[in-house]
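Participant: Next come a sequence and a model predicted from it.
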Amino acid sequence: MAPNIIAFPGVEQSTPFTGKTLFLADEDSGYVKADDVSILFPEATLSVIANAGHWLHVQQPGFFIEQVEKFFVGWVSDSVTQHLQLRCVGLRLSPNPT
């Protein structure tokens, strides 16, 4: 297991965070591994960035921004869709409201 993620005290008794989470790592990183992340963050997305070291945002800024934007757009889209579905339950929708 990745010691930096799993080394927090009391992890064994922790409830996993089930919300959407984005992890970014360089391809040679030993710090972030999908199997370890999924223990505490089962809905996590792990995006691996090639040709980058520890400073992903500096060494591959375009790809970094692309991945973060993609994550947030998906999160906002899902949240809005869920909100609209909840708001429309029980409403009669008509193409010509009167």
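Facilitator: Cool, the structure landed. Numbers count the residues shown, from 1 in each chain.

Participant: Which SSE is immediately downstream of the helix or strand of the chain with the lowest mean pLDDT?
Facilitator: Counting by mean pLDDT, DSSP states H and E, the chain has its least confident helix or strand at helix 3-6, which shows a mean of 56. The first helix or strand that comes after helix 3-6 along the chain, using DSSP states H and E, is strand 21-26.

Participant: Paired strands for that following strand, with orientation please.
Facilitator: strand 44-49 (parallel) (DSSP bridges).

Participant: hmm, who's touching the partner strand?
Facilitator: For strand 44-49, the surrounding residues in contact (C-beta atoms under 8 Å, 6 or more residues apart in numbering) are 20-27, 32, 34, 37-38, 56, 60, 63-64, 67, 71. To be clear about C-beta, it is placed using only N, CA and C from the backbone, and glycine gets the same treatment.
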